[in-house]
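A.B. asks: Task: produce atomic coordinates for the following.
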Amino acid sequence: MALLALMPGSGVQDDRLPIGARFLLVCHSIAALSLFLTLIGVSLNAATWLLGRCFSDRSRARLFTSGVTSLVICAVLVIYFASWAMFWQLGTFLDSQVLLFLAPNPIQVFHWVDGDVALAVLTLALATTFTLRWWMPRWTDRCQAKTQRRLVLASVWGLGLSILGATVGGLYCGWGDRQYERSAILYTRSLSSSSGPFPYILADIRRHTATAGEESSQGLRTSKINIVERPLISMDRYVGSVSSGRGKMNRWNVIILVVESLRADQLRAYGSSRDVMPTVDELSLEGRNFLNAYTQSSHTNYATIVPLSSHYPLRSATAYTYPERPSYPRVLIYDVLKAVGYQTAVFSSSNEYWGGMINYLQTGKLDHFMHAGNFKGPKYLMQDDAGFAAWVRETKHAGSVDDRHTVDEAIRWMDTVGSKSFFLSINFQNSHLPYPVPRDFPRRFGPPKLDFTIRFARFPKDKTSVVKDIYADSLAYVDAQISRLFQYLKQHGLWENTVIVLTGDHGQAFYEHGFASHASAIYNEVMRVPIVIRAPEMQRGLENLPAQHVDIAPSLLALLGLPPHPSFQGINLFDPQSNPNRSIYMVAQTPDAYQYGIIRSGFKLIYDERKGEYLLYDLTSDPGETSDIADLRPALAKELAHRLHTWRKLQIDYYLDAELQAREYPPILAD
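C.D. replies: Have a look, this model is predicted:
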């Protein structure tokens, strides 16, 4: 009750709910807590009885079982308080989806754990274990029998009242037309999302046990949506089609630059009022700027591989980790270019072990692959680090590389290429929260020191403008490294013979919709990114055609005069026949959000799987996504939902079907 009353964001603190509804919310939380306490208590007693029978000596049995019980209770309490800590920081509790996301990457997750929060969780768990296992039993033993009876009676009455209140609350939010009232809808959402860890677990169990009413894959294939299925071909066959083609191939060098957390509005061409990234702004003047461009995901492990693969990152109904030897076909752009004689390399300041990305990227066609996991130099330690980065940064699976070193490595590699055409991809990381820059780099926007801590997804809201300036400084530092790269290309006569693509893996939120950072809800502050393409002989300017990361690889092949590879799910952005009303798809599967989205004909539909709700926005009149019009445009919402769920179902089914993967590439929804 204390945590519910004091924790920011809990349902009890929601002023939109009537006082009575908040009281019923507390009742529901206590009833759920009591249910789990009963299950835990029965399990512990049964385990204690079984363990006790393993010892002939009663005193030893009592000591052993007491120790085991204390450890189990402490472990449960650590998880319980950690769930509350996660809610305080991210607005969501621990559940199966969160565990699936965190389990494959424990060290890298630990990198971002706040030390003070971890200490508070451990202290509370130990103190509560001591209270439950030592102080409370002794205190009740000292009480008179009459007092003990009163305590039991009060507990029974309290539990009965809580169960009654939870029942009344269920009737309150689900009775007839009342379920459509605003207060009832808010109450229902609070029950499953902000009334405590145990109600959240109950809601998670209900999600897993509910029968899904989705269409079958065959049913979707017979719908009005055009689904394209393309058979697998060998690389030799593809290269043969290149050799037999009539057009001449442009053997230009290709460089893809991906900047961590780069919002579109930080560049002049996309509306920035200040020179945050002057080098990139100069690049945009020489190339084509796609103003209506989007990433496929709000989190790095899904987003960064898409420009290279032209595959949508949705591969599972839950958080996905790339396996060591994927059964499905993947043809990355450097696989194609390697087959036609290019030298290929990837340089990443990020740790590509995150989410198993390294397993996806290593196709055997890279001449050089450097990332934070195999970099022999120093891993940077974030300034004012609030967590355990100092402890884990030297491990194989954690830490990042300063972008200055990454560009140094890329330049050294280009020196070895000679006169051969090359493909190069660089992933910049200094613009990742908390936006570290070296002390010798002059800050142009933010203060040199902060009087507060920038945590992942949380910082004081009244400091948002300061954090934006710190963020701008980190982008300026990345821009300085890009400038060094461009200077090298120009000094070595490579600039006029090189195609350059620059984009962000995703954007960054600053409480526009109540949250900060990324890996969260798929609003445009996180999903809208710049895509700048500069190539020899290219017509410069601004382009409003809908664009997404899956389009980068096929567009690059088109610029080089190569035919499209059937593996790619994107389109050639330079095709004059492109549909201006085509669909853009996006996904988030993280502890903070399980959402799927579609943008089509100026409208954006978001499906929130956890809440089971749809949000519809008119991006033309409401680019800030402030007014949900799903209730006002039900037919449009239904049409977009059908397309979105068709895409989602086909993607997931494909990656579950090994036989399908053995004969064809991932399906495409043609517009």
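A.B. asks: low-confidence ranges in the stretch 351-500 of the chain?
C.D. replies: Applying pLDDT under 70 to the stretch 351-500 of the chain flags residues 378-398.
A.B. asks: Which parts of it are helices?
C.D. replies: Assigned by DSSP state H, counting those that start in this stretch, the stretch 351-500 of the chain shows helices spanning 357-361, 389-392, 403-417, 464-491.
A.B. asks: for the stretch 201-350 of the chain, same thing?
C.D. replies: Using DSSP H, counting those that start in this stretch, the helices found in the stretch 201-350 of the chain span residues 217-221, 235-243, 278-286, 300-303, 306-309, 333-339.
A.B. asks: Ok, which of those comes nearest Val78?
C.D. replies: helix 300-303 (26.2 Å; Cβ to Cβ). Where C-beta positions appear, they are placed from N, C-alpha and C, glycine not excepted.
A.B. asks: Where does pLDDT dip in the chain?
C.D. replies: Along the chain, the model assigns pLDDT under 70 to residues 102-114, 174-182, 210-224, 244-247, 378-398.
A.B. asks: so what are the domain limits for it?
C.D. replies: When the chain is parsed with automatic domain parsing, its domains come out as 2-209, 234-578.
A.B. asks: ranking those by burial, who's on top?
C.D. replies: Stretch with highest mean neighbour count among the domains of the chain: domain 234-578 (a mean of 20; mean count of other Cβ atoms under 10 Å).
A.B. asks: related to what we said a few turns ago, minimum distance to Asp462: which of the helices of the stretch 201-350 of the chain has it?
C.D. replies: Distance to Asp462, taken as Cβ to Cβ, is lowest for helix 300-303 among the helices of the stretch 201-350 of the chain, at 28.2 Å.
A.B. asks: hang on, the earlier thing: I'd like the domains of the chain written out as TSV, with distance to Ala658 added.
C.D. replies: TSV is the format used below for the domains of the chain (distance: least, Cβ to Cβ, whole Å):
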stretch	distance to Ala658
domain 2-209	21
domain 234-578	5
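A.B. asks: For Gly115, find the nearest of the helices of the stretch 201-350 of the chain.
C.D. replies: helix 300-303 (23.0 Å).
A.B. asks: hmm, who's touching the closest one?
C.D. replies: Residues outside helix 300-303 that contact it (Cβ atoms under 8 Å, 6 or more residues apart in numbering): 260, 295-297, 313-314, 320, 350, 354-357, 505-506, 518-519, 549, 587-589.
A.B. asks: same deal with stretch 604-613?
C.D. replies: 189, 192-193, 207, 521-524, 593-598, 614-617, 619, 625, 630, 637, 640-641, 644-645.
A.B. asks: Next step: these restricted to helices.
C.D. replies: Arg189, Ser192, Ser193, Arg207, Asn524, Ala637, Leu640, Ala641, Leu644, His645 (DSSP state H).
A.B. asks: In contact with the first one, which residues?
C.D. replies: For Arg189, the residues meeting the contact criterion (Cβ under 8 Å, 6+ apart) are Lys611.
A.B. asks: Give me the distance between it and Thr92.
C.D. replies: From Arg189 over to Thr92 the distance is 12 Å, taken as Cβ to Cβ, to the nearest Å.
A.B. asks: swap in the third one?
C.D. replies: When Cβ to Cβ is applied, the distance between Ser193 and Thr92 equals 7 Å.
A.B. asks: Now Cys173. Nearest residue, chain neighbours left out?
C.D. replies: Leaving out its chain neighbours, the residue that sits closest to Cys173 by Cβ to Cβ, 6 or more residues apart in numbering is Ala184, at 4.1 Å.
A.B. asks: pretty sure that neighbour contacts Leu171?
C.D. replies: No. Counting by Cβ atoms under 8 Å, Ala184 stays clear of Leu171, with 10.2 Å between them.
A.B. asks: what sits against Pro313?
C.D. replies: Neighbouring residues of Pro313 by Cβ under 8 Å, 6+ apart: Gln296, Ser297, Tyr302, Ala303, Ile305, Val306, Tyr320, Val587.
A.B. asks: The fifth one and Cys27, how far apart?
C.D. replies: Distance of Ile305 to Cys27, computed by Cβ to Cβ: 47 Å.
A.B. asks: Repeat that for the second one.
C.D. replies: Ser297 sits 39 Å away from Cys27 when distances are taken as Cβ to Cβ.
A.B. asks: how far is stretch 575-582 from where the chain is centred?
C.D. replies: Stretch 575-582 sits 29 Å away from the centroid of its parent chain (Cα atoms, centre = their mean, to the nearest Å).
A.B. asks: So which elements touch the strand or helix carrying Val42?
C.D. replies: Under the criterion of DSSP states H and E, Val42 resides in helix 19-52. The contact analysis (3 or more Cβ pairs under 8 Å, 6 or more residues apart in numbering; DSSP states H and E) places helix 19-52 against helix 2-6, helix 58-90, helix 145-174, helix 182-193, helix 197-209.
A.B. asks: How far off centre is the shortest one?
C.D. replies: Relative to its chain's centre, helix 2-6 lies at 28 Å (Cα atoms, centre = their mean).
A.B. asks: which secondary structure elements does it contact?
C.D. replies: Contact analysis of helix 2-6 by 3+ Cβ pairs under 8 Å, 6+ apart lists helix 19-52 as its packing neighbours.
A.B. asks: can you check the second one too?
C.D. replies: The helices and strands touching helix 58-90, judged by 3+ Cβ pairs under 8 Å, 6+ apart, are helix 19-52, helix 115-130, helix 197-209.
A.B. asks: For Pro442, which of the ones you listed is the nearest?
C.D. replies: helix 115-130 (29.8 Å).
A.B. asks: C-terminal to that closest one, what's the next element?
C.D. replies: Next along from helix 115-130, by DSSP H and E: helix 136-142.
A.B. asks: Give me the contacts around that next one.
C.D. replies: Gln148, Leu151.
A.B. asks: what do you get for stretch 266-280?
C.D. replies: 264-265, 281, 284-285, 289, 291, 445, 472, 475-476, 478-480, 482-483, 486, 502, 530, 532, 542.
A.B. asks: what about dumping the CA coordinates of it to PDB?
C.D. replies: The C-alpha trace of stretch 266-280 is given here as PDB (Å, rounded to 0.1, in the frame of the first residue of the first chain):
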ATOM      1  CA  GLN A 266      18.400  17.700 -35.400                       C
ATOM      2  CA  LEU A 267      19.400  18.400 -39.000                       C
ATOM      3  CA  ARG A 268      18.800  21.600 -40.900                       C
ATOM      4  CA  ALA A 269      17.000  19.900 -43.800                       C
ATOM      5  CA  TYR A 270      14.500  18.400 -41.400                       C
ATOM      6  CA  GLY A 271      13.700  21.600 -39.500                       C
ATOM      7  CA  SER A 272      16.500  22.200 -37.000                       C
ATOM      8  CA  SER A 273      17.000  25.900 -36.200                       C
ATOM      9  CA  ARG A 274      20.700  25.400 -35.100                       C
ATOM     10  CA  ASP A 275      23.800  23.900 -36.500                       C
ATOM     11  CA  VAL A 276      24.000  20.700 -34.400                       C
ATOM     12  CA  MET A 277      25.700  18.600 -37.100                       C
ATOM     13  CA  PRO A 278      27.200  21.000 -39.700                       C
ATOM     14  CA  THR A 279      29.100  18.200 -41.600                       C
ATOM     15  CA  VAL A 280      25.900  16.200 -42.000                       C
END
